[in-house]
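Asks: turn this into a model:
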Amino acid sequence: MAAYSIDFRQKILSAWQNKEGTQKELAKRFKVSLSFLRDFLRRYRETGEIAARTLLRGSPLEA
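Replies: Numbering: from 1, shown residues only. Alright, predicted model coming up:
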């Protein structure tokens with residue numbers, strides 16, 4: 001599954017900052033899971049970041 005775009009995340013964040021609904025209402029409005037919304041807002045409050053987290057993969061196993 002691809003990460004949500006920065007533009008889409010900004011729209012969600014703006015709606016939340018403008019108190020346009022509860023987290024549950026915003027999740028339904030933007031068609032995202034409530035857990036995504038909660039995690040996204042928590043990460044924004046803690047770090048100020050809205051970009052998707054990148055996955056760091058280890059080096060391939062050597063035979």
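Asks: SS state for V32?
Replies: Secondary structure for V32, judged by DSSP: H, G, I helix; E, B strand; the rest coil, is coil.
Asks: show me what contacts it?
Replies: Residues in contact with V32 (Cβ atoms under 8 Å, 6 or more residues apart in numbering) are Y4, I12. Placement of C-beta: from N, CA and C, glycine included.
Asks: repeat for F36
Replies: Taking Cβ under 8 Å, 6+ apart as the test, what F36 contacts is A27.
Asks: pLDDT on the host helix or strand of it, on average?
Replies: Taking DSSP states H and E as the criterion, F36 maps to helix 34-47. In this model, helix 34-47 has a mean pLDDT of 95.
Asks: tell me where the model's unsure across this protein.
Replies: 1, 55-63 (pLDDT under 70).
Asks: which ones are touching the spatially most central residue of it?
Replies: Among the residues of the chain, F40 comes closest to the average C-alpha position under Cα atoms, centre = their mean, at 3.4 Å. Contacts for F40 were tallied using Cβ under 8 Å, 6+ apart; they are R9, I12, L13, I50.
Asks: which among those gets closest to A27?
Replies: Closest to A27 out of those is I12 (8.9 Å), distances taken as Cβ to Cβ.
Asks: I'd like the distance from the closest one to R53, if you could.
Replies: 16 Å (Cβ to Cβ, to the nearest Å).
Asks: more neighbours, the two?
Replies: I12 (21 against 10; other Cβ atoms under 10 Å).
Asks: kind regards, and thank you for your time.
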